[in-house]
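> Next come a sequence and a model predicted from it.
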Amino acid sequence: MIRSSSPLPAAVRRIGWSNLFAQLSEQIGQAAAPLAAVLVLSARPSETAWLQMAQTLPFLLLSIPAGLIVDRASRRLLMIGAEALRAASLAVIAALLACGGLDLPLLATLGFAGAVGTVCYSVATPALLPALTPRSQLAMANRWLELARSAASMAGPALGGLLVSWLGASAAHVLATVLSLLAIRLLSGLPRERRGPAPPRSLIHDLAEGAQFISRHDLLRPILITAVFFNTGWFILQAIYVAYAVQNLGLSAAEVGLTLAVHGAGMIAGALIAPALSDRISFGTMIIIGPVNGFCAAVLMLLTAWTPSLWLACVGFFLFGAGPTLWAIATMTLRQAVTPQAMLGRVSAFIMTATFGARPLGAAIGATVAARSGVTACLLAATVCFGLQLTVIGLSRVPKLQQLPKPV
């Protein structure tokens, strides 16, 4: 993997800090919402699964429209507006919880609105980054973003669980709102983008161009398919996990937050060891570590159905964090390196639609299977998905890559 010892540009560091606060806000909100649903609104596992689906559906519906906007408008202003939308949705949830006016449909609707902001922010960030970063520093910049995301994934669920346990779900959403506002403040200080006038193009042409680029690329195509199966399996698990952990594993709200925080600790571990690993193993091996860890973690979570254990769940969540973080750093760097700058928004959007769009599919599968066959069947379905994602990437050319390829 290409790396550079030069310090990252100030604008990239600002994006990293903004990403830290935005991700921390998102993680606290995501941890607090299902806990509020279970502990305040007495939601069942199938109901929390439908809540997860509502909170992830924008990734399926809006990633491609967001990508088209990203390639045509100011990416900086889009990120600011997206984060403002998320802050507003969190603030309304906090107010409704405080006055006792929240119910499951409202929680799902506001979660959907906040996720719209998350989609736009997530599509714009990897598209803006290469414009501010030399190619030799892309891996370092992506690692910085993943470290921020990892730290948020570790601290956010723990903070969310503790705040819900000690002060109530409203306090957790207030903190999430404040963090989101801090992210907006940092984004406001980014330099204005210098982009020349774009030639007139039709939306159909732009969509077709992005789709064809990915479908014909022998590296991006298997990465996309692998990510679809990974995210489907991950959200089958996520859809039922909180209710499963409380009702089947006997965990408290704080212990649920702990297991999710261990996932964040695994993400940090993966981001921290990435430079050392990149000096010792090939680029393709870096990528396949994620799918291997994902499958092993799914097997461990399946075992908790017969051996309920906080520590077994913690090990599984650590593996879910560490390997996929290496995957995220390497595959994002690969995507940025081989994709023309003018197409990055669309390519990122298609990949996000297929991968993050698989989340509501996984949540819907989790809700349906949990209602009809129970949570053990959900864990088994998730394990099958993780086995498929490992098979797809293992049979492709990606694991054979020795270094970051040059642009096509």
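That came through fine.
> alpha carbons only for contacts and neighbour counts from here, please
OK.
> Residue 210: neighbouring residues, count only.
Residue 210 has 22 neighbouring residues, counting by other Cα atoms under 10 Å.
> just to confirm, which helix or strand has it in it?
helix 203-216 (DSSP states H and E).
> now residue 249
Per DSSP H and E, there is no helix or strand for residue 249.
> Setting the sequence-adjacent residues aside, check what's closest to it.
In this structure, residue 249 finds its nearest non-sequential neighbour in residue 308, 5.3 Å apart by Cα to Cα, 6 or more residues apart in numbering.
> Can you give me the pLDDT of that neighbour?
Per-residue confidence (pLDDT) for residue 308: 84.
> Mind checking what secondary structure it has?
coil (DSSP: H, G, I helix; E, B strand; the rest coil).
> The stretch 301-408 of the chain: strands as residue ranges?
Ranges of strands in the stretch 301-408 of the chain, per DSSP state E, counting those that start in this stretch: none exist.
> mind showing which ranges of it have poor pLDDT?
Applying pLDDT under 70 to the stretch 301-408 of the chain flags residues 341-342, 344-345, 357, 406-408.
> same thing but 90
Regions of the stretch 301-408 of the chain meeting the criterion pLDDT under 90 cover residues 304-313, 321-376, 378, 397-408.
> which is the next helix or strand following the helix holding residue 210?
helix 220-247.
> Which elements pack onto that following helix?
helix 10-39, helix 45-70, helix 203-216, helix 253-280, helix 344-355, helix 358-373, helix 375-394 (3 or more Cα pairs under 8 Å, 6 or more residues apart in numbering; DSSP states H and E).
> and if we set it to 6 Å?
helix 45-70, helix 203-216, helix 344-355, helix 358-373, helix 375-394 (3 or more Cα pairs under 6 Å, 6 or more residues apart in numbering; DSSP states H and E).
> if we can go back for a sec, let's test this: mean pLDDT of the helix holding residue 210, rounded?
72.
> For the stretch 1-150 of the chain, give me the ranges with low pLDDT.
Filtered on pLDDT under 90, the stretch 1-150 of the chain yields the residue ranges 1-83, 85-86, 89-150.
> Enumerate every residue touching residue 175.
If you count contacts by Cα atoms under 6 Å, 6 or more residues apart in numbering, residue 175 has none.
> list the contacts for the residue nearest to the spatial centre of the chain?
By Cα atoms, centre = their mean, the chain has its centre lying nearest to residue 356, at 7.4 Å. Counting by Cα under 6 Å, 6+ apart, residue 356 touches residue 59.
> what about it, distance to residue 56?
To residue 56, residue 356 is 7 Å away according to Cα to Cα, to the nearest Å.
> how long is stretch 247-259 end to end?
Start-to-end, stretch 247-259 (Cα to Cα) is 15 Å.
> Tell me which residues of that stretch come out buried.
The neighbour-count criterion (16 or more other Cα atoms under 10 Å) identifies 249, 251, 253, 254, 255, 256, 257, 258, 259 as the buried residues of stretch 247-259.
> number of nearby residues for residue 299?
18.
> which residue packs closest to it, ignoring adjacent ones?
residue 383 (6.2 Å).
> The one you found: neighbour count?
25.
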